[in-house]
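Engineer: Just to be clear, the model below is a prediction. Sequence and coordinates:
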Amino acid sequence: MISMIFKRAAVAALAFGAMAGATLALDISGAGATFPYPIYAKWAEAYKKETGNGLNYQSIGSGGGIKQIKARTVTFGASDQPLKPEDLEAAGLIQWPQVIGGIVPVINLDGVAPGELVLDSSALAKIFLGDIKSWDDAAIKKLNPKAKLSATPIVVVHRSDGSGTTFNFTNYLSKVSPDWKTKVGENSAVEWPVGIGAKGNEGVANNVANTKGAIGYVEYAYAKQNKMNYARMINAAGKTVAPGIDSFQSAAASVDWAKSPGFYEIITNEPGAKSWPISAATFILLPKESKDEAAATEALKFFGWAFANGGKQAEELDYIPMPKQVVELIKKSWSVVKGADGKPLAH
């Protein structure tokens, strides 16, 4: 049930790589997170039209992106799970946040309108632990006294691949549920107590859409563009909030990127009455020294172009562009990306 916007984006993204020929030196390749794929594909399409330079981005999950950039098989990697400063140093990489979005519980439940169902942290953790097994469970009924909840069995859908979306989702559950923290924990891949696995945000979205009683977690753009049913959440401040630009922005407001070595920040369960509890930044990973200086230079130009020109497109897909002062910090950090002559590649 992937919407037409994603079909078009996927076709366009594949086409960028096929335009090799005479402009091969200016084409760049990336791999990793499915979380930002919709906006990266949109940016790539616009950038291709404006500059003639191409991007081939493989939406394979954050784990795959980290592996590929460490192996230097792509120009850049993309991950929703940031690498710690010591890991960046060991791998000879830099990282920066490119956009911010939100992870939302998506459901397939007859008789309940999108955004009508409300879940709190306890109920969400118990569902994914397998402790809550049907939609008419007393804990869910208490949160939704007016909803028409049936005895439909709950089918949990989770990621099967190494995923930054999973990292942020399980990071949140570990913060709010002692049971989850001790029994499952947080990582890009975990031993799920229950459920069926699917690859990528796309796979989870498709499985939930085709399975009655299902619940999964996806980046909000996938839920919105595919018109999926989603749940509102009760946040750390005890307020019921809906996913969207305002609630993602509220969650990101307390982050001080200037004091974050390697821009390492995780923004789940942030304070604020309007904050969406499972918000996340998505990151770019780039080698400090590249085998292909032309491609690395072009990658920096592409992401610089996206910061300068891609904000509106990001907002149309409900991502949050990075604030101008943060972009300035990011561009300063690019000075460590150097060519064989020791000079910075960013201009």
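Structural biologist: On my side now, so go ahead. Numbers count the residues shown, from 1 in each chain.
Engineer: quick check: longest strand of this protein.
Structural biologist: strand 93-107 (DSSP state E).
Engineer: strand partners of that one, parallel vs antiparallel please.
Structural biologist: Here strand 93-107 is paired, per DSSP bridges, with strand 214-219 (antiparallel), strand 229-230 (antiparallel), strand 279-287 (antiparallel), strand 320-321 (antiparallel).
Engineer: Find the nearest non-adjacent residue to Lys239, please.
Structural biologist: Ala273 (4.9 Å; CB to CB, 6 or more residues apart in numbering). Every residue, glycine included, has its C-beta placed from N, CA and C.
Engineer: Backbone dihedrals for that neighbour, both of them.
Structural biologist: Note on Ala273: backbone dihedrals following degrees, to the nearest 10 are phi -60, psi -30.
Engineer: now do the one 4 residues further on
Structural biologist: Torsion angles at Pro277 (phi, psi; degrees, to the nearest 10) stand at phi -70, psi -20.
Engineer: That one reaches Arg232, doesn't it?
Structural biologist: No: in this structure Pro277 lies outside contact range of Arg232 using CB atoms under 8 Å: 10.4 Å.
Engineer: Look at these two and report which has more neighbours.
Structural biologist: Pro277 (27 against 20; other CB atoms under 10 Å).
Engineer: List the residues that contact the more buried one.
Structural biologist: Ser121, Tyr172, Val176, Met233, Ile234, Asn235, Ala236, Val241, Ala251, Thr268, Asn269, Glu270 (CB atoms under 8 Å, 6 or more residues apart in numbering).
Engineer: and which of those residues is nearest Lys324?
Structural biologist: Ala251 (18.9 Å; CB to CB).
Engineer: Just give me the neighbour total for the nearest residue to the closest one once chain neighbours are set aside.
Structural biologist: Using CB to CB, 6+ apart and skipping residues adjacent in sequence, the residue nearest Ala251 is Ser279, 3.6 Å away. A count of nearby residues for Ser279, using other CB under 10 Å, gives 28.
Engineer: What residues are bridge-paired with Ser279?
Structural biologist: On the basis of DSSP bridges, Ser279 is bridged to Gly102.
Engineer: for the one 4 residues further on, same thing?
Structural biologist: Residues found in beta-bridge contact with Phe283 (criterion: DSSP bridges) are Ser79, Pro97.
Engineer: From Asp27, how far out is it?
Structural biologist: For Phe283, the distance to Asp27 (CB to CB, to the nearest Å) stands at 22 Å.
Engineer: Which one of these two is surrounded by more residues?
Structural biologist: The neighbour count for Phe283 versus Asp27, taken as other CB under 10 Å, is higher for Phe283 (27 against 21).
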